[in-house]
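Chemist: With the sequence up front, the predicted model follows.
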Amino acid sequence: FKIFPPSRQLFVKMASELLTQHNEPLDRASLDRQICSVTQKLDEIKGQVYETINKHFNEYTVSFDAVSDMQEELEALTQKVAVLKENAKNGKLAELAANASEQRALANQMKVTNQTIAVLKELCEVDARLTAFDEQVETGQLALAAGSIVAVETFLQDENNTQNGLCDAKIFKLLHDEYRIKKSQLLSHLDDLWRRALVFHTSDVGHGPVCSIHITKDIQGSSGQLTPIATILLAFHALNQFDAKMESATRAFVSQVLEPMLKHPNVSTARKSSGRTVSLTITSLATVTKGKRSTAAKAKAKAQELCAMLHAVSECFAFFQECAFKGSLQASQEDLDMLRANFGLILYKQTAVMLVKESLAPAVPTSEAEGAAYEIVSQAATEAELAIVASMNLDNDDSCILRNYVADNFATQSNKKRQNILAEARELMLSDNFNTIEVSHATERGSPFEASLQQADGKLAEQVYRMPTLQVSTTTKQLMDLIYSTLDEIPSSNPEAAVQLFYSVRDVLDLFRAVVPAHSKAALEGVPQPAVVFHNDCCYIAHHLLSLGHAFKSHVPSDVGMVATFVDLVSVFRGLGEEHLMSMLRKQHDLLMSTLKTTNGFSNTHQTERYVEVENALKQTIHELTILAKVWKGLMTPELFRMVMDTLVSGVMEAIMQQIMDMHDISEDETHQLHDLMRFLSESVAPIFKVRGEPELKPQEQVQAWPKFQQLQEFLTARLTVIIDKFNAQNWLFTGDELRGLVKALFAESERRNKFLQQID
């Protein structure tokens, strides 16, 4: 590097002085003279270096306030240098420096002096680099200019250079400002050249896009000089900007070239050279479809398009390698190979991931007819990737995404099959379709009984398995059909595929448990019909799970066949359906209770206004029960319907009885009014339980609270003698406390009443 003449001469002279071995004996006077000489030379050097830097990077003279201090420090350091050199020669350090503290001081000063000398050398080198920078940029030597900037940056970032006064702070700041300006200029100049060196362009010609990549090998600067693209890349690398620029170029390649090719894979490539610029054009070809084609023919045509696209992608990589990473006078081929590998790896990773996601994954066959076409695509993907690895000098182990994907055809096909099954199932689950369809034992397939399990009379023992007639949602029926169609492929599949199909069905069932309750949460909690339909769906699925594993376990590998069952999910689905049904029943029960609470009790019903108020509340309750019955009769089995209505009606009757029995005083007029209200409820509730096509049952056989409710009606109008007789005959269903409360509320205090109360106790 260029060193200014005065500085260089003084450095050489001082270094030779320090390294010269003296033959004459050294005394203290001689040592002092040498120290003084070295100090003067160091001071002279420092002044000249600072003055030179100031003249180069500042238009006015800067005064140095710390000159005297620097002279004293340099003098002490020079003494240490001379003494230690002489001590190293004849071992007289102990005579010259009698005490240990002076010896340590001399040793420390020697170290600092050497550091000062090193800093002054580096300052001269920095000055030379910054002075030569403009000429390097003007002549197109951008890699050298970048190297100079990096060397200056290294010096400025070294904190040791500013410690202990080794470099004047003003000089240091002057250099730092100049460095920052020149680095900004260089980056701006490189960015301008790079934008013109690599250009991506996309246009639409009607039947598809036309993409082009333009690379200018030698870019003309503002002063007319030509800069090779390789020089620009080396300069970016020296400034630690290479990866960022290549990632930006990769994003542009993906958006302007790769994505259009993925959408229109039927392409052709062509190269064209014009002066210093070389272009690669990728043209989309029109796809002609003649008549109906078989699945195999469609797959083959699609495979040919993908092969053309894969070839075009490998051609893009080869184009980059040939046009952007060839050697030049300013760059060795070894350096360019390293940059080519770095850029190639960045570009390859994004390209390979998109090719797998957008091209190879959709091409994975789902039937045997598509298998031959996929083999063609697999071979083309392998060849394209090997070509990319070779052209971009990539590591073969780190660049095998495409080959790994197509190598395991079975895993790829199985995963796609599984994804398609789950996607179809999820679409059914999210359809928000609550329409129902009737299913029965006769309409459903699957049975756990085989001919070998027939009873002695020749009849199959299917009564314990027979599914009742249900109304299930059409989507759940379609879901079960999907499950059976998936399992139907097991007998014709190889063992590995059979296992994958089996677990795909289990995934569908797990997906149902997770998706449907969450997606339909509002409807299941707020509307009576969806909750019942969901309960039926769960029971319907649970019924089929009893036999699914039994029907297909013989077609899966023996080690899997031992656990190939769905029976473990039966209780899970039944519990899921019951949970939502009970939640809905609790909500309906709460609604009925809130309606009854509007009466504020059953007292004073002998008053017309109170009677009408209570009667209206009972009518509203009966209306709500009637609506629920109409909704549920067609959805529930007769047994479930009676059980559910029994729960609700019994809850209403018990609430009414509790309110009446809580009354402390009931007049004779009130007893007749209460009796009429209870009779009205009984007569209105009885028809609710009638189910078409089912034998009619007596109310007391259907409602648990009915007998006690009827007895309370009788109790309200009965004479005390009749009440006592039935008590003696143990015909009352009331507890002792309930009897005691009713007797006290209905009958005035008398000897007979008191005696009966004692009898109750």
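Modeler: Looks like it came in fine.
Chemist: my read: residue 353 touches residue 401, true?
Modeler: Yes - the pair residue 353 and residue 401 qualifies as a contact (C-beta atoms under 8 Å) at a distance of 6.9 Å. Just so you know, the C-beta spots here come from the backbone N, C-alpha and C atoms, and that holds for glycine as well.
Chemist: Pick out whichever of these two has more residues nearby.
Modeler: Under the criterion of other C-beta atoms under 10 Å, the comparison of residue 353 against residue 401 puts residue 401 first, with 18 against 12.
Chemist: tell me the contacts of the closest residue in space to residue 139 that isn't next to it in sequence?
Modeler: Spatial nearest neighbour of residue 139, excluding adjacent residues (C-beta to C-beta, 6 or more residues apart in numbering): residue 225 at 6.2 Å. Going by C-beta atoms under 8 Å, 6 or more residues apart in numbering, residue 225 touches 138, 139, 140.
Chemist: Which parts of the stretch 351-500 of the chain are helices?
Modeler: 361-363, 371-391, 401-407, 409-429, 474-487, 495-519 (DSSP state H, counting those that start in this stretch).
Chemist: so which of the ones you listed gets nearest residue 564?
Modeler: helix 495-519 (5.8 Å; C-beta to C-beta).
Chemist: Just after the closest one, pick out the following helix or strand.
Modeler: The helix or strand immediately downstream of helix 495-519 is helix 521-526, counting by DSSP states H and E.
Chemist: on that earlier part again, okay, the helices of the stretch 351-500 of the chain in CSV with distance to residue 692 next?
Modeler: Shown next, in CSV, are the helices of the stretch 351-500 of the chain (distance: least, C-beta to C-beta, whole Å):
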stretch, distance to residue 692
helix 361-363, 53
helix 371-391, 55
helix 401-407, 60
helix 409-429, 31
helix 474-487, 23
helix 495-519, 30
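Chemist: Of those helices, which is nearest residue 296?
Modeler: Closest to residue 296 of the helices of the stretch 351-500 of the chain is helix 371-391 (C-beta to C-beta; 7.1 Å).
Chemist: now what about the closest one, what contacts it?
Modeler: 296, 299-300, 302-304, 306-307, 310-311, 313-314, 317-318, 320-321, 344, 348, 352, 355, 360, 363-365, 394, 396, 399-403, 405-406, 409.
Chemist: what does stretch 598-618 give?
Modeler: 595-596, 656, 659-660, 662-663, 667, 669-670, 673-674, 677, 680-681, 684.
Chemist: So for that stretch, mean pLDDT?
Modeler: The average pLDDT for stretch 598-618 rounds to 89.
Chemist: Can you show me the strands along the chain?
Modeler: Assigned by DSSP state E, the chain shows strands spanning 198-204, 209-216, 218-220, 226-228, 267-274, 277-284, 436-439, 470-473.
Chemist: Kindly reformat those as TSV containing distance to residue 152.
Modeler: Formatted as TSV, the strands of the chain follow (distance: least, C-beta to C-beta, whole Å):
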stretch	distance to residue 152
strand 198-204	29
strand 209-216	30
strand 218-220	25
strand 226-228	22
strand 267-274	40
strand 277-284	35
strand 436-439	81
strand 470-473	75
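Chemist: Nearest approach to residue 428 belongs to which of those strands?
Modeler: strand 470-473 (9.5 Å).
Chemist: Only the buried residues of the closest one, if you could.
Modeler: 470, 471, 472, 473 (16 or more other C-beta atoms under 10 Å).
Chemist: Run through the bridge partners of the third one.
Modeler: I take that to be residue 472. Note on residue 472: beta-bridge partners by DSSP bridges are residue 437.
Chemist: any idea how far residue 234 is from it?
Modeler: Counting by C-beta to C-beta, to the nearest Å, the separation of residue 472 from residue 234 is 71 Å.
Chemist: quick one: pLDDT of residue 525?
Modeler: Residue 525 is assigned a predicted lDDT (pLDDT) of 84.
Chemist: just checking, it touches residue 584?
Modeler: Yes - between residue 525 and residue 584 there is a contact at 7.3 Å, judged by C-beta under 8 Å.
Chemist: excluding its backbone neighbours, what's nearest residue 218?
Modeler: Leaving aside its chain neighbours, residue 218 sits nearest to residue 226 (4.1 Å; criterion: C-beta to C-beta, 6+ apart).
Chemist: Compute the number of surrounding residues for that neighbour.
Modeler: 13.
Chemist: Tell me what it is bridged to.
Modeler: Beta-bridge partners, per DSSP bridges, of residue 226: residue 220.
Chemist: who's in contact with it?
Modeler: Counted by C-beta under 8 Å, 6+ apart, residue 226 has contacts 140, 218, 219, 220, 276.
Chemist: Tell me the spacing between it and residue 418.
Modeler: Per C-beta to C-beta, residue 226 is found 58 Å from residue 418.
Chemist: Poorly predicted segments of the stretch 501-650 of the chain, please.
Modeler: 553-563 (pLDDT under 70).
Chemist: can you give me the helices in it?
Modeler: Counting by DSSP H, counting those that start in this stretch, the helices of the stretch 501-650 of the chain are 521-526, 528-552, 558-561, 570-597, 608-633, 638-661.
Chemist: Among those helices, show me which one is buried the most.
Modeler: helix 528-552 (a mean of 22; mean count of other C-beta atoms under 10 Å).
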